[in-house]
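J.: test case, fold it:
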Amino acid sequence: MIFVPRACVSPPAVYTRAGVIHLTREITLDLGEPNAKQALFFGSRALYTAYGGAKGGGKTHAVRVKAVGGALRWPGIRILILRRTYPELQQNHIETTLRLVPPELASYNAAAHTLYFTNGSVLRFGHYQSSSAELEYQGQEYDWIFMDEATQFTERDFRYLGGCLRGVSDAPKRFYITCNPGGVGHAWVKRLFIDRKYRDGERESDHAFIFASVEDNTHLLASSPSYLQMLDSLPENLREAYRHGSWDALAGAYFSEFDESRHVVAPFRVPARWTRFRSFDYGLDMLACLWLAVSPEGKCHVYRELRAPNLVVSEAARAIADLTLPGEEIAATFAPPDMWSRQKDTGASMAELFAKNNVPVLRAGNSRVQGHLQIKEMLRGDGKNPSLVFFNTCPGLISDIKAIEADSRRPGDCARTPHDVTHAVDALRYFCSSRASEPPPPAEYETYLDLDYLL
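T.: Numbering: from 1, shown residues only. You can find the predicted model right below:
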């Protein structure tokens, strides 16, 4: 199958041979001839289509050709191509697409990162470096969305951007992703497109996966014959993932002990005699707070979560207090040690400001490796029964636990990026490390708990 989009231009006659489109006698658009796997990608009619597997399968080129062809095939269509960072977007898509599309067919607005076609179609190039980009895409509508290198994105990113897949044009609504094993999005891409395990509201018929290997990309092998040798020389796990497209070679997850069937439970009424705690990570970019209950046997249950960006300290404290039920006795609220740094403008620490706003806090331990290892131990438990479980009403933390990767440069630690998936995990770490250590002496409490604020 050769993908040749129908161009809607004036005059309407279109003459084609192979992958070349003659739009008029003066304008020729050469999209090239796709390989067999790219042709399957171009022809997919699924709501969600994933293309990739091994490296070098021609994913990025396929995205460009499909997007440009769609812009010509469907006048007035709105298309979005996404990468995680702008430099990747500029190098892999903007520069190459502008070389591909003749200026007679479309004009590029550099400020808006948007290509405007003469038939009314719009192709926007966007980057989505963190969840703070949500505001930029709020309310936007697209008929087609391309998420290039989707395993660099979290499932939350994927779902949020899927909400932009709407509009009144006649073009079919489609979400295309390209992917290789590994990365923060490894687990959700593998679940949907490789393992094909679907949850309520997800339909198998909506998802299609097209596996491509470097052997499928004959153009790459002809122009860069050493590329195959480079892939073959990688360490075994990377070779299996990048050369052969194995999704089991790079699980990536730091918390390999986590298993939804063992660690996620249905909500229940927490007995009043259980000891309750709060633990949070705070920054202006994100407040992540967890509520935890410990049974008399010592089993910890995360039963509530709060995620809220762009809150100053007083707003963050109010949000935590508001979500704490009347009469709910909290034995302690653990906070990161940087809460005790004095602010230059007021001389007060953030810990004092939280206490002043009815959220007194205790200084948590801050050893990353020991804290994360403590989480792993609690997830493991005695091998049969974990010491740490999560209510299914805490989807954000569950998603982050599954997504966060091991740090390749710091043995025993988990990665600090992408930052989006670290906040709730840090909040859990503060609780686990503090529970595992001896409580601080009373004099230390007095340095940050001003009882005058509680009178």
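J.: just the helices in the stretch 151-300 of the chain please.
T.: 155-162, 186-189, 218-223, 226-232, 236-238, 260-263 (DSSP state H, counting those that start in this stretch).
J.: dump those helices to a markdown table, plus mean neighbour count.
T.: In short, each C-beta sits where N, CA and C put it, glycine included. What follows is the helices of the stretch 151-300 of the chain, written out as a markdown table (neighbours: other CB atoms under 10 Å):
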| stretch | mean neighbour count |
| --- | --- |
| helix 155-162 | 19 |
| helix 186-189 | 23 |
| helix 218-223 | 12 |
| helix 226-232 | 13 |
| helix 236-238 | 13 |
| helix 260-263 | 12 |
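J.: and the residue positioned nearest the centre of the chain, how far is that from R64?
T.: Taking CA atoms, centre = their mean, the centroid of the chain lies closest to T154, which sits 1.4 Å from it. To R64, T154 is 25 Å away according to CB to CB, to the nearest Å.
J.: nearest spatial neighbour of M378, skipping sequence neighbours?
T.: L388 (3.8 Å; CB to CB, 6 or more residues apart in numbering).
J.: could you pull out the buried residues of stretch 181-196?
T.: 181-194 (16 or more other CB atoms under 10 Å).
J.: swap that for stretch 399-410, sorry
T.: So for stretch 399-410, counting by 16+ other CB under 10 Å, buried means 399-407.
J.: stretch 28-36 now?
T.: So stretch 28-36, judged by 16+ other CB under 10 Å, has buried residues 29, 31, 34-35.
J.: in CSV: those residues, plus distance to N217 and pLDDT.
T.: Shown next, in CSV, are the buried residues of stretch 28-36 (distance: CB to CB, whole Å; pLDDT from 0 to 100):
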residue, distance to N217, pLDDT
L29, 22, 82
L31, 16, 85
P34, 10, 90
N35, 6, 91
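J.: tell me the one among these nearest to N310.
T.: L31 (43.1 Å; CB to CB).
J.: wait, the closest one touches G69, no?
T.: Yes - the criterion here is CB atoms under 8 Å, and L31 meets it with G69 at 6.3 Å.
J.: out of the buried residues of stretch 28-36, which sit inside helices?
T.: Here DSSP state H is the test, and those give no hits in helices at all.
J.: would you format these as JSON lines with distance to Y303 included?
T.: As requested, those are arranged in JSON lines below (distance: CB to CB, whole Å):
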{"residue": "L29", "distance to Y303": "58"}
{"residue": "L31", "distance to Y303": "54"}
{"residue": "P34", "distance to Y303": "51"}
{"residue": "N35", "distance to Y303": "51"}
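J.: which of the residues you listed fall in strands?
T.: L29 (DSSP state E).
J.: help me confirm that W247 comes into contact with H186.
T.: Yes - shown here, W247 and H186 form a contact pair, counting by CB under 8 Å, at 7.5 Å.
J.: follow-up on the earlier one: looking at the helices of the stretch 151-300 of the chain, which is closest to A364?
T.: helix 260-263 (22.0 Å).
J.: and the closest one, how far from the chain's centre?
T.: 22 Å (CA atoms, centre = their mean, to the nearest Å).
J.: what's the answer for stretch 37-53, then?
T.: Remark: stretch 37-53 is offset 21 Å from the chain centroid, using CA atoms, centre = their mean.
J.: same question for it, mean pLDDT?
T.: Average pLDDT, stretch 37-53: 95.
J.: check stretch 277-295 too.
T.: Stretch 277-295 shows a mean pLDDT of 95.
J.: what's the span of it, first residue to last?
T.: 12 Å (CA to CA, to the nearest Å).
J.: can you pull the buried residues of it?
T.: 277-282, 286-294.
J.: do stretch 117-130 as well
T.: Those would be 117, 119, 121-128, 130, for stretch 117-130 by 16+ other CB under 10 Å.
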